[in-house]
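Undergrad: what shape does this take:
(one chain, ligands or ions: 1)
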Amino acid sequence: MAQNKKDTVREIVSAYSSYHFNPINTNLFRHADLMEAIEFFEENQELEVASLGCSEEGREIKTITYGRGKTKVLLWSQMHGNESTATRAILDLLVFFTSSDAFNSLRKQLADSLTLVFIPMLNPDGAERFQRRTSTEIDMNRDAIALQTPEARLLKNTAEQFKPDFAFNLHDQRRFYNVGNTGVPSSLSFLAPAFDQSRKVNKVREKAMQVIAGINEYAQEYIPGGVGLYDDAYSHRSFGDFMQSKGISTILVESGWIKDDPEKEAIRKLNFASLLKGFELIASAALNQFSVKDYSDIPSIDTKLFDVLIKNAGFTGSVSPVLDIGINRTEQLLDHPHYFSIGKIDDLGDLSSFFGFETIDATQLKVAPGKAVRLSDYSELSTVSVKRLLRQGVLFLITEQVPLESHVAYPVNIIHPRKLPYLQHPVFEGSANFLLVDQSKTIKYIVMNGFVFEPDKINESANGLVIS
Ligand SMILES: [Zn+2]
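TA: Residues are numbered from 1 along each chain as shown. Okay, the predicted model is just below:
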């Protein structure tokens, strides 16, 4: 593909820190935080902020419009309440649109050619609970036909009245997606959804594919090999497929993961860059440089990535002498903006075709159970005491007086004595707590609630669980 001689979007991304909306910088933020953020833009003449309506529980959903051009683009984020990355990227775009600097010519080009309507956080009730579904337990992205949620009705009405040419359906995906046959995480996944069972390509879908192909070429500079395609099986209940069938070129964007980016700030920046690139492509003739083939050449995503993959771990007294162990962690909302993690063994056996964000070669090592000691006084727990215990292989503190909480703020577990018989070698879907030791029984790795670290590099921010 021909590159523009001067790549304005790349220059803008180099100056991204000036457009980052600083007050919101974590995965977890509430509807009230977003409303406060939008207020910041309300007086700005470049933007038009309007009320779209309310969620089931009465939280206001707003639209923000930029530009006055002929080509209409509708974007909505967080229809799944716990998928907040694109909402943050939208705030960054608003900062960019309302700034004035060396990039005014691109702003003018976008504002003259496009009318962009943003609906950030379409599912505020779900966001409040850090959950995918609405407060009525409906998956809004399967509600395009039945329209059982007020939020889906708002989206559909907006599409009918605004009649966009393009739509961006902005989501987050889970961590286990890798690209093709590689261990590279899919940092951005795309789909130009099918509009019927045959999955044929018409002019409408082709345009969505061209936008994705253009963004992909651009994003490769930042995340080589880190862009993947979602499965295009037709789902008539889903908004993307529905909008595509109504003649709106629709682009699904899934914010994925990159190593060591737990709050997804790097992915947020990628979102900002990709959406801006998408707008630039739509606003110019550059879109026609890209073909359906460029789109189909993007590798598909797969689900072969674990948070931790331990390879060739030796077992004593088990059926198999050597096993691979795949561990995943899930995050549970505690109170805004805090969460804790639950680590679990998601698979074990021959995992030679799998990958890990962290991979441990345990060829010379054996799995050993973590030790359990009596907890004398809960109030005596400290990072220092926990570290000392961990280095001795202690993963469990025994007490009859287990705390009410589900997690421990230190990297150690608290366990009721009645649960002790269940501490055994790693089992499928069991807890991920064990040690990896060498031939002289020296601890090489500590696996504590799915977090893995070496004895002299203890992850102080890892949390344990209360097992009662
Ligand atoms: Zn989603």
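Undergrad: what is the residue of the stretch 151-300 of the chain found nearest the ion paired to in the beta sheet?
TA: The ion sits closest to His171 of the stretch 151-300 of the chain, with a gap of 3.4 Å, by Cβ to the ion. (Glycine included, C-beta is placed from N, CA and C.) Going by DSSP bridges, His171 is paired in beta bridges with Glu254.
Undergrad: do I have it right that it meets Glu254?
TA: Yes - using Cβ atoms under 8 Å, His171 is in contact with Glu254, at 4.9 Å.
Undergrad: got the contact list for Asn459?
TA: Pro411, Phe451, Phe453 (Cβ atoms under 8 Å, 6 or more residues apart in numbering).
Undergrad: which SS class is it?
TA: Following DSSP: H, G, I helix; E, B strand; the rest coil, the label given to Asn459 is coil.
Undergrad: hang on, Thr250 in a strand?
TA: Yes - according to three-state DSSP, Thr250 belongs to a strand.
Undergrad: Ala167 is in contact with that one, correct?
TA: Yes - Thr250 lies in contact with Ala167 (Cβ under 8 Å); the separation is 4.5 Å.
Undergrad: quick one: which of these two has more around it?
TA: The residue with more neighbours, out of Thr250 and Ala167, is Thr250; 30 against 26, by other Cβ atoms under 10 Å.
Undergrad: so, low pLDDT: which residues of this structure?
TA: Filtered on pLDDT under 70, the chain yields the residue ranges 1-5, 317-320, 336-337.
Undergrad: who in it is up against the ion?
TA: Those residues of the chain that sit near the ion, judged by Cβ under 5 Å from the ion, are His80, Glu83, His171.
Undergrad: my read is that the second one contacts Ser255, right?
TA: Put plainly, it is Glu83. Yes - in terms of Cβ under 8 Å, Glu83 counts as a neighbour of Ser255; the distance is 7.3 Å.
Undergrad: shared neighbours of those two, anything?
TA: The contact sets of Glu83 and Ser255 overlap at Leu170, His171, Asp172 (Cβ under 8 Å, 6+ apart).
Undergrad: picking up where we left off before, who touches both of Thr250 and Ala167?
TA: The contact lists of Thr250 and Ala167 share Gly240, Met243, where a contact means Cβ under 8 Å, 6+ apart.
Undergrad: rewinding a little: for the residue of the stretch 151-300 of the chain closest to the ion, give me its contacts.
TA: Contact partners of His171, counting by Cβ under 8 Å, 6+ apart, are Met79, His80, Glu83, Ala86, Asn141, Leu252, Val253, Glu254, Ser255.
Undergrad: and which of those residues is nearest to Leu381?
TA: Distances from Leu381 to the contacts of His171, taken as Cβ to Cβ, are shortest for Glu83 (34.7 Å).
Undergrad: burial of the nearest residue to that closest one once chain neighbours are set aside, as a residue count?
TA: Excluding the flanking residues, the one nearest Glu83 by Cβ to Cβ, 6 or more residues apart in numbering is Asp172, at 3.5 Å. A count of nearby residues for Asp172, using other Cβ under 10 Å, gives 24.
Undergrad: thought Asp172 was touching Ser84?
TA: Yes - at 7.1 Å, Asp172 counts as touching Ser84 under the criterion of Cβ under 8 Å.
Undergrad: from Asn141, how far out is the most centrally placed residue in the chain?
TA: By Cα atoms, centre = their mean, the chain has its centre lying nearest to Asp172, at 4.0 Å. Applying Cβ to Cβ, to the nearest Å, the value for Asp172 to Asn141 is 12 Å.
Undergrad: got the end-to-end distance for stretch 181-192?
TA: End-to-end span of stretch 181-192 (Cα to Cα, to the nearest Å): 22 Å.
Undergrad: show me the contacts for Ala208.
TA: By Cβ under 8 Å, 6+ apart, the contact list for Ala208 reads Phe166, Ala192, Pro193, Gln244, Ser249, Thr250, Ile251.
Undergrad: once you drop chain neighbours, what's closest to the third one?
TA: Yep, that's Pro193 we're talking about. If the residues on either side of it in the chain are set aside, Pro193 comes closest to Gly240, at 3.8 Å by Cβ to Cβ, 6+ apart.
Undergrad: quickly list what's touching both of Asp172 and Asn141.
TA: In contact with both Asp172 and Asn141: His80, using Cβ under 8 Å, 6+ apart.
Undergrad: can you put the contacts of Asn459 in JSON lines and add neighbour count?
TA: JSON lines is the format used below for those (neighbours: other Cβ atoms under 10 Å):
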{"residue": "Pro411", "neighbour count": "23"}
{"residue": "Phe451", "neighbour count": "23"}
{"residue": "Phe453", "neighbour count": "17"}
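Undergrad: please, where are all the helices along the stretch 151-300 of the chain?
TA: Assigned by DSSP state H, counting those that start in this stretch, the stretch 151-300 of the chain shows helices spanning 203-219, 239-245, 265-283, 292-296.
Undergrad: want to throw these into TSV with distance to Ile446?
TA: What follows is these, written out as TSV (distance: least, Cβ to Cβ, whole Å):
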stretch	distance to Ile446
helix 203-219	37
helix 239-245	43
helix 265-283	27
helix 292-296	45
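Undergrad: for the closest residue in space to Arg237 that isn't next to it in sequence, what are its contacts?
TA: Nearest non-adjacent residue to Arg237, counting by Cβ to Cβ, 6+ apart: Arg142, 4.5 Å away. Counting by Cβ under 8 Å, 6+ apart, Arg142 makes contact with Ser235, Arg237, Ser238.
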